[in-house]
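In: missing the sequence, but the structure's below:
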């Protein structure tokens with residue numbers, strides 16, 4: 001844990017959690033105070049269910065009596081700057097390196113995140129939707145779609161659940 005002097009100097013920061021078994025970053029986050037240590041502490045103290053990829057990976061590390069490596073990528077940031085750095089690093093890792101265990105891509109990543117040039121042209125040239133003409137359900141598939149997109153029923157598989165009319 002950080003001491004009080006370190007906490008007062010840090011401000012907002014962006015951190016990475018590294019798995020000592022693989023030596024790879026598995027999570028990137030934005031923090032203040034002792035946030036960087038909170039994920040491990042939650043799993044260690046069994047405060048929450050192990051219901052995410054991040055917590056599962058932390059539990060596997062702790063079960064082997066190893067420790068997570070905590071890296072501070074940038075410090076002394078405003079909250080807005082920290083959100084920007086965090087989402088940039090998440091996009092970069094997910095696109096170029098290993099997939100992270102983050103449940104969300106980062107603050108405003110959907111609009112400002114990595115896109116092809118064609119996607120950017122469509123984004124900025126799409127007509128504004130003034131009103132919906134039909135009842136709709138909007139489903140954010142995000143990371144699940146990548147797992148099934150090559151199958152014949154990709155959208156169905158990524159979105160199926162128990163639906164009530």
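Out: Everything's here; your move. No experiment lies behind these values; they were computed from the predicted model shown. Numbers count the residues shown, from 1 in each chain.

In: tell me the secondary structure at the residue nearest to residue 107 when sequence neighbours are not counted.
Out: Leaving aside its sequence neighbours, residue 107 sits nearest to residue 83 (C-beta to C-beta, 6 or more residues apart in numbering; 3.7 Å). Bear in mind the C-beta positions are built from the backbone N, C-alpha and C, glycine included. For residue 83, the assignment made with DSSP: H, G, I helix; E, B strand; the rest coil gives helix.

In: I'd say residue 83 and residue 30 touch.
Out: Yes: with contact defined as C-beta atoms under 8 Å, residue 83 and residue 30 form a contacting pair (6.0 Å).

In: which one of these two has more residues nearby?
Out: The residue with more neighbours, out of residue 83 and residue 30, is residue 30; 23 against 18, by other C-beta atoms under 10 Å.

In: which SSE is the residue lying farthest from the centre of the chain in?
Out: In the chain, residue 133 marks the outermost C-alpha relative to the chain mean, sitting 33.6 Å out by C-alpha atoms, centre = their mean. For residue 133, there is no host helix or strand (DSSP states H and E).

In: ok so, going back, how much space separates the residue nearest to residue 107 from residue 12?
Out: Applying C-beta to C-beta, to the nearest Å, the value for residue 83 to residue 12 is 9 Å.

In: can you list the weak-confidence ranges in the chain?
Out: Where the chain drops to pLDDT under 70, the residues are 47-50, 97, 103-106, 108-111, 140-165.

In: doesn't residue 29 belong to a helix?
Out: No: looking at residue 29 with three-state DSSP, it is strand, so not inside a helix.

In: burial check on it, number of neighbours?
Out: So residue 29, with other C-beta under 10 Å, has 22 neighbours.

In: checking the nearest residue to it once chain neighbours are set aside next. Helix, strand or coil?
Out: In space, and not counting its chain neighbours, residue 29 is closest to residue 15: 5.7 Å by C-beta to C-beta, 6+ apart. Following three-state DSSP, we place residue 15 in the strand state.
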